[in-house]
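A.B. asks: I would like the atomic coordinates for the input below:
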Amino acid sequence: MRYLVAALLATFLALGAPRFVSVAQTQQNVPSTDQITRLKQQLGLTDQQSNQLRVLAVADQQRGADLQRKMVAAHRELNAAVLGGADKDVVRAKTEQLKRLTGQMIDLHTETMEKLAKILSPAQRKKLAGTP
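C.D. replies: Numbers count the residues shown, from 1 in each chain. Have a look, this model is predicted:
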């Protein structure tokens, strides 16, 4: 169950690894009522916490979507460079660009989890983390 909750939350916050989706599909990462309801039931969220979580997800969703679009573009550019026989310096530069973007995504995830931790009770944080 802890994996389901974590997976829902990650999907919900749109902060996972880059997925190869269109910008229109990315906009669907804002939490649905069903996702909020599931998290509310699984973590025992109050109405106030549910609302705070929805606000958090919406606020961080745009930043995550922007990073996701940049990561998809960087992947495509890297693949094109490698498959096109580009100079090693060009490939290295594209690789470094993708590493920077990945680091930014990880930073965003960490920031979001820190904000989330402030919303959840200690017991809810333990349940989400999967610790006894």
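
A.B. asks: which strands and helices sit next to the helix or strand that contains residue 89?
C.D. replies: In the assignment (DSSP states H and E), residue 89 maps to helix 88-119. For helix 88-119, the elements it packs on are helix 2-13, helix 47-83, judged by 3 or more Cβ pairs under 8 Å, 6 or more residues apart in numbering; DSSP states H and E. Placement of C-beta: from N, CA and C, glycine included.

A.B. asks: dump those to TSV, plus mean neighbour count, distance to residue 117 and mean pLDDT.
C.D. replies: Output for the helices and strands packed on helix 88-119, formatted as TSV (neighbours: other Cβ atoms under 10 Å; distance: least, Cβ to Cβ, whole Å; pLDDT from 0 to 100):
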stretch	mean neighbour count	distance to residue 117	mean pLDDT
helix 2-13	16	12	46
helix 47-83	16	11	92
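
A.B. asks: residue 37: which of the ones you listed is closest?
C.D. replies: Proximity to residue 37, assessed across the helices and strands packed on helix 88-119 by Cβ to Cβ, is greatest for helix 47-83 (8.3 Å).
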